[in-house]
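> Sharing a sequence plus its predicted fold:
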Amino acid sequence: MSELSTLARPYAEAVFRIAQGENDLAGWSSRIATLAAIVSDAQLARLNADPSVAAERVAALVVDVAGSTLGERGASFVKVLADNGRLSLLPVIGEQFETLKASAEGTLEATITSAQEMAQDQIDGLVAGLRAKFNRAINVQVAVDPELIGGAVITIGDQVIDGSVKGRLQRMSFALQG
């Protein structure tokens with residue numbers, strides 16, 4: 001995955017600069033999310049991976065599916081990615097773009113994964129604590145993973161706050177073995 005991140009970074013940074021220049025971070029965010037969804041489609045992925053299909057043809061198909069909301073610069077972006085064999089990186093480019101966007105807007109992206117569905121007041125309490133800890137606005141996504149047994153794991157960028165029962169048991173096991 002780190003290799004994909006390295007390959008995607010220059011494209012994410014370039015499109016981010018374009019979006020900032022146009023003062024349209026939200027519009028580009030939407031375009032990139034649409035493009036990522038399109039190239040993630042199994043049929044299109046197979047077509048993109050087929051060496052007998054010209055990159056221009058795949059790019060034209062992606063642009064057609066994306067429709068008029070893509071715009072001229074968006075279509076050019078797709079063509080550059082296709083010409084360089086990088087269309088499949090669009091989901092990673094999208095993730096990196098969103099990180100750059102959040103940083104520019106002074107927000108952090110957080111994922112709260114809990115063992116069971118959380119009540120809204122629990123989520124609000126965690127977000128308030130994160131806001132106080134990081135002194136920034138927090139955009140949060142919530143997920144459920146029953147394998148955590150109990151508690152929650154919060155991921156913000158490369159930081160992980162593990163308050164899960166599974167995590168505690170793993171730390172205890174490691175301590176007992178050491």
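Received it, and whenever you're ready, just let me know what you need. Numbering: from 1, shown residues only.
> What segments of this protein are strands?
107-114, 137-144, 152-156, 159-162 (DSSP state E).
> Can you list the buried residues in the first one?
Yep, that's strand 107-114 we're talking about. Within strand 107-114, the residues scored as buried using 16 or more other C-beta atoms under 10 Å are L108, E109, A110, I112, T113, S114. In this view, the C-beta of every residue, glycine as well, is placed from N, C-alpha and C.
> Now do the residue nearest in space to the middle of the chain against A110, distance only.
Taking C-alpha atoms, centre = their mean, the centroid of the chain lies closest to E95, which sits 2.7 Å from it. Separation of E95 from A110 (C-beta to C-beta, to the nearest Å) stands at 14 Å.
> do F134 as well
Note on F134: its distance to A110, by C-beta to C-beta, is 9 Å.
> A12 touches F97, doesn't it?
Yes: shown here, A12 and F97 form a contact pair, counting by C-beta atoms under 8 Å, at 4.8 Å.
> Mind checking which of the two has more residues around it?
Between A12 and F97, F97 has the larger neighbour count (other C-beta atoms under 10 Å), namely 26 against 23.
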